[in-house]
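Asker: quick check, what structure comes out for this input:
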Amino acid sequence: MVFFTLWFLFLSVTTPAPPVEPSVSVPEIAWPEETLNRKDVPPPTNNQLHVFRVRLFPYNSTQTKEGLWKLSRDAFLSLSNVSGQSLQTLTLSLYDVSEIFILSWRINRISNTWHEFVPHRIRIITWKGQTNEGEGDWRWLWYLPLETENSRWTNFSLFYDSWEKGVGDRLRWKHAQFPHFNYHFTTPLPGTIIHIQFLYP
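Answerer: This is a model prediction of the structure:
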């Protein structure tokens with residue numbers, strides 16, 4: 001009887017499950033309309049809709065994406081450059097721009113390990129062949145929704161990566177698998193949009 005009781009108690013004890021390592025997920029990237037509710041994104045400055053036919057070039061990919069890009073904001077961009085001790089600003093109409101190249105990204109820390117990289121410095125080529133580079137607030141470039149007759153999808157010029165320990169406890173970027181912290185300042189993750197080509201003036 002004692003043996004049966006001990007055996008019953010043994011079967012009743014549940015072996016504890018091994019601890020599960022907590023997972024860290026990248027925050028969801030909202031569609032442009034939804035980001036207007038964020039405090040760090042300014043609202044549209046007018047109600048006029050500007051429509052451009054563009055071709056997008058993702059980093060480390062030979063596949064381009066083409067469609068209509070609709071902007072509900074002023075169709076202007078301002079480039080800032082420091083010359084000596086003065087700040088110079090150049091304002092251009094998007095209708096004068098033939099190409100935009102994203103040259104570098106600015107880092108924003110969003111958790112203990114996860115970081116957000118957003119466009120920081122760009123190069124502009126106009127339809128007249130003039131080239132200008134500068135820095136600015138490019139939040140309207142972060143999300144690039146395109147439309148065709150049958151579909152609508154969003155492309156991104158921003159990206160996320162986590163600075164954490166890898167093999168041998170060496171710190172590195174999780175997705176890029178690269179150990180230098182400033183790597184992503186000029187090198188985005190594959191698929192990130194780095195070049196926008198306007199298909200007609």
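Asker: which helix or which strand is home to the closest residue to residue 148 other than its chain neighbours?
Answerer: Distances taken as CB to CB, 6 or more residues apart in numbering put residue 67 closest to residue 148, at 4.9 Å, once the chain neighbours are dropped. Just so you know, the C-beta spots here come from the backbone N, C-alpha and C atoms, and that holds for glycine as well. For residue 67, the host element (DSSP states H and E) is strand 65-71.
Asker: picking that back up, local confidence estimate at the residue nearest to residue 148?
Answerer: Looking at residue 67, its pLDDT is 96.
Asker: tell me where the protein has strands.
Answerer: 50-58, 65-71, 76-83, 86-93, 97-109, 114-126, 131-135, 143-147, 152-156, 159-165, 171-173, 193-198 (DSSP state E).
Asker: of those strands, which approaches residue 186 most closely?
Answerer: strand 97-109 (5.2 Å; CB to CB).
Asker: about what we covered before: how about the strand holding residue 67: buried residues?
Answerer: With burial defined by 16 or more other CB atoms under 10 Å, the residues of strand 65-71 counted as buried are 65, 67, 69, 71.
Asker: how about these in a markdown table, adding distance to residue 155?
Answerer: Compiled in a markdown table, those are given as follows (distance: CB to CB, whole Å):
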| residue | distance to residue 155 |
| --- | --- |
| 65 | 6 |
| 67 | 9 |
| 69 | 9 |
| 71 | 14 |
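Asker: nearest to residue 123 among these?
Answerer: residue 69 (18.5 Å).
Asker: residues contacting that closest one?
Answerer: By CB atoms under 8 Å, 6 or more residues apart in numbering, residue 69 lies in contact with 51, 52, 53, 54, 144, 145, 146.
Asker: count the neighbours of the third one for me.
Answerer: This points to residue 53. 13 (other CB atoms under 10 Å).
Asker: kindly report the same for the fifth one.
Answerer: For residue 144, the neighbour count with other CB under 10 Å is 19.
Asker: how much space between it and residue 86?
Answerer: For residue 144, the distance to residue 86 equals 33 Å [CB to CB, to the nearest Å].
Asker: what's the least confident stretch among the strands of the chain?
Answerer: Among these, strand 76-83 scores lowest, with a mean of 79.
Asker: between the strands of the chain, which one is nearest to residue 181?
Answerer: strand 159-165 (6.7 Å).
Asker: angle of that closest one against strand 114-126?
Answerer: Angle, strand 159-165 to strand 114-126, by axes from the mean of the first three to the mean of the last three CA atoms, to 10 degrees: 140 degrees.
Asker: ok, back up a step: dump the contacts of residue 69 to CSV, plus distance to residue 95.
Answerer: Output for the contacts of residue 69, formatted as CSV (distance: CB to CB, whole Å):
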residue, distance to residue 95
51, 11
52, 8
53, 12
54, 13
144, 18
145, 19
146, 18
